[in-house]
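**Q** I need the structure of the sequence given here:
(chains A and B)
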There are 2 protein chains.
Amino acid sequence: MIISTPHSYSDGDTQFIGRLVYDEDGSGQRPGILVIPAFGGLGNFEIERAEELAALGYIVLAVDYYGEGAQASGPEQASEWMRALNADRPLIAQRITAAFDEIRSLPMVDPARIGCMGYCFGGKISLDLARTGADLCAAVSLHGLFDAPPMPRQKMKAAVLACHGWDDPLATPEAVVTFAAEMTEICPDWQLLAFGHTGHAFTNPAANAPGMAFSEAANRRSWENLTRFFADKLGK
Amino acid sequence: MIISTPHSYSDGDTQFIGRLVYDEDGSGQRPGILVIPAFGGLGNFEIERAEELAALGYIVLAVDYYGEGAQASGPEQASEWMRALNADRPLIAQRITAAFDEIRSLPMVDPARIGCMGYCFGGKISLDLARTGADLCAAVSLHGLFDAPPMPRQKMKAAVLACHGWDDPLATPEAVVTFAAEMTEICPDWQLLAFGHTGHAFTNPAANAPGMAFSEAANRRSWENLTRFFADKLGK
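**A** Just a heads-up that it's a prediction; the model follows:
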């Protein structure tokens, strides 16, 4: 049976309330995955994805990056929170590293087999964890933002899969080319899966704005590639 | 059992000797796939891929585009032949249309469920068949060249999957961005799967030059996506 329970961890004085999701019928140390939410904070959407991954045998920590498990009341507040946190990329790295340290410390997790994935702003945070050079096997970005942090570049250990809507107004073709050059410099194994006629937020069934709409095909194709990528890189 | 037999067809006075590959244990009308070879002409490499697709239940016509089943004696002759044919993109369209008409005419093929795929120069030809607006479901390019033909643009019926090595010297990031814009204009459903640290010819176990080398990972990932794409689009 899949267990889904609030899970607290901290970075200094900041308390985070994520969610730990796993199959209680599993045994031994299993690979772990961080699920990093979109800009609204950890909600049902990400917890459902965590449950799907748990059903595949992963130990999943769904991440809180605003602290106290905060969820934005709507897109305006979410944008405001995102802008504030995005202005401090070293703090992002610190907070996602706290989540990484937490999942690695769990007795049922194999600390040598950790992946992460994130949506939208969380996709950027997923890449930012890999950019720290963390001892991470795999990082996935789903309609994430590609701009590199204003920090010294380090070699990544993680392989990267970026699933991207070509029409995403937040990640233009120019940003894709810049990102590819960055990955070529620092990432040992990277892939970009770009979908035509697809914008931002393509995994979100509620998204239906111009340039930011759900796509059944892109959602399915990205999930197929994500699950196979994790199976490959985390040894499932 | 997989049957693999030379198969002649023609375009006006030009005779082609392709190869028809299928599972004789199948029954009824089945989806068809054209396998379009790299610039050396139809050889064992492409015939083996045709056999793999036939084992999945497709009727496969491996294509001859130089005529008379010609195979180049080596890369220099292949380059010469490719340059000559590439200079006449309307002739390419005509020749690949002859192959398309041929596979659709086979009694065991469902003419409403045809796909095509090609390697290198054959990847371009695969795209060029889709660019004719042919009644084709799916076109795949594997380390193909992206330059559009100097012909009027038409709306495609086919979905497109382009598997691409980001370091391919024959298809630069700029060519990718131009191709994406073209596909956005004419193709109803396109995807680009780009592999980092991967050049041209990544499916070819014999390729080991700078910028043109075999990649086990890119080869495997492209084949996984190709087979799922065909299954999705050809209803297998």
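**Q** what segments of chain A are helices?
**A** Along chain A, the segments classed as helices by DSSP state H run A:44-55, A:75-86, A:89-105, A:121-131, A:173-186, A:216-234.
**Q** near chain B at all, the fourth one?
**A** What that stands for is helix A:121-131. No: in terms of CB under 8 Å from any CB of the partner chain, no part of helix A:121-131 sits within range of chain B; the closest distance is 12.9 Å. Every C-beta, even on glycine, is put in place using the N, C-alpha and C of the backbone.
**Q** which residue is the nearest non-sequential neighbour of the spatially most central residue of chain A?
**A** Among the residues of chain A, the one closest to the centroid is A:G118, at 1.9 Å (CA atoms, centre = their mean). Once flanking residues are discounted, A:G118 sits nearest to A:I36: 3.2 Å by CB to CB, 6 or more residues apart in numbering or on different chains.
**Q** show me what from chain A comes close to chain B.
**A** A:160, A:166-167, A:173, A:176-177, A:180, A:183-184, A:187-197, A:217, A:221, A:224-225, A:228.
**Q** just the buried subset of these, please.
**A** By neighbour count, with 16 or more other CB atoms under 10 Å in any protein chain shown, these hold A:160, A:166-167, A:173, A:176-177, A:180, A:183, A:187, A:189-197, A:217, A:221, A:225, A:228 as buried.
**Q** on that earlier part again, the residue nearest to A:G118 against A:M117, yeah?
**A** Yes: between A:I36 and A:M117 there is a contact under CB atoms under 8 Å: 6.7 Å.
**Q** which neighbours do these two share?
**A** The contact sets of A:I36 and A:M117 overlap at A:123, A:126 (CB atoms under 8 Å, 6 or more residues apart in numbering or on different chains).
**Q** low-confidence bits of chain A, can you list those?
**A** A:236 (pLDDT under 70).
**Q** about what we covered before: turn the helices of chain A into JSON lines, columns for distance to B:P149.
**A** Formatted as JSON lines, those follow (distance: least, CB to CB, whole Å):
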{"stretch": "helix A:44-55", "distance to B:P149": "42"}
{"stretch": "helix A:75-86", "distance to B:P149": "44"}
{"stretch": "helix A:89-105", "distance to B:P149": "45"}
{"stretch": "helix A:121-131", "distance to B:P149": "36"}
{"stretch": "helix A:173-186", "distance to B:P149": "22"}
{"stretch": "helix A:216-234", "distance to B:P149": "27"}
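**Q** most tightly packed of these?
**A** Mean neighbour count (mean count of other CB atoms under 10 Å in any protein chain shown) peaks for helix A:121-131 among the helices of chain A, with a mean of 28.
**Q** now the angle from that one to helix A:89-105?
**A** 80 degrees (axes from the mean of the first three to the mean of the last three CA atoms, to 10 degrees).
**Q** what's around the residue nearest to A:G118, how many residues?
**A** 34 (other CB atoms under 10 Å in any protein chain shown).
**Q** how far away is it from chain B?
**A** Per CB to the nearest CB, to the nearest Å, A:I36 is found 22 Å from chain B.
**Q** equivalent analysis for A:S141, please.
**A** When distance is defined by CB to the nearest CB, A:S141 is 14 Å away from chain B.
**Q** hmm, that residue is touching A:L127, no?
**A** Yes: counting by CB under 8 Å, A:S141 touches A:L127, with 5.4 Å between them.
**Q** mutual contacts of those two, please.
**A** Overlap of the contact sets of A:S141 and A:L127 (by CB under 8 Å, 6+ apart) consists of A:160, A:162.
**Q** list the contacts for the closest residue to A:P107 other than its chain neighbours?
**A** Excluding its sequence neighbours, the residue lying closest to A:P107 (CB to CB, 6+ apart) is A:Q29, at 7.8 Å. Counting by CB under 8 Å, 6+ apart, A:Q29 makes contact with A:107-110.
**Q** now A:I2
**A** By CB under 8 Å, 6+ apart, the neighbours of A:I2 are A:21-24, A:51, A:54-55.
**Q** against A:L226, how distant is it?
**A** Separation of A:I2 from A:L226 (CB to CB, to the nearest Å) stands at 19 Å.
**Q** could you do A:L129 as well?
**A** As judged by CB to CB, A:L129 and A:L226 stand 16 Å apart.
**Q** ok, of the contacts of A:I2, which one's closest to chain B?
**A** If you rank these by distance to chain B using CB to the nearest CB, A:A55 comes first, at 20.6 Å.
**Q** just checking, the closest one touches A:E24?
**A** No: using CB under 8 Å, A:A55 is not in contact with A:E24, being 11.8 Å away.
**Q** the residue nearest to the centre of chain A and A:S141 touch, don't they?
**A** Yes: counting by CB under 8 Å, A:G118 does reach A:S141; the two are 6.4 Å apart.
**Q** pull up the overlap in contacts between those two.
**A** By CB under 8 Å, 6+ apart, the residues touching both A:G118 and A:S141 are A:124, A:126.
**Q** buried residues in stretch A:140-152?
**A** By neighbour count with 16+ other CB under 10 Å, stretch A:140-152 contains the buried residues A:140-146, A:148-149.
**Q** contacting residues around it?
**A** With CB under 8 Å, 6+ apart as the criterion, stretch A:140-152 contacts A:89-90, A:92-93, A:115-124, A:126-128, A:131, A:160-165, A:168, A:170-171, A:175-176, A:178-179, A:182, A:200-203, A:222, A:226, A:229-230.
**Q** show me the contacts for A:Y66.
**A** Contact partners of A:Y66, counting by CB under 8 Å, 6+ apart, are A:41, A:81, A:85.
**Q** tell me the bridge partners for A:S10.
**A** Judged by DSSP bridges, the bridge partners of A:S10 are A:Q15.
**Q** do you know how far it is from A:I92?
**A** In terms of CB to CB, A:S10 sits 16 Å off from A:I92.
**Q** now do A:D135
**A** Using CB to CB, A:D135 is found at 18 Å from A:I92.
**Q** what do you get for A:V177?
**A** Counting by CB to CB, the gap from A:V177 to A:I92 is 23 Å.
**Q** now do the contacts for A:A70.
**A** Neighbouring residues of A:A70 by CB under 8 Å, 6+ apart: A:41, A:64, A:81.
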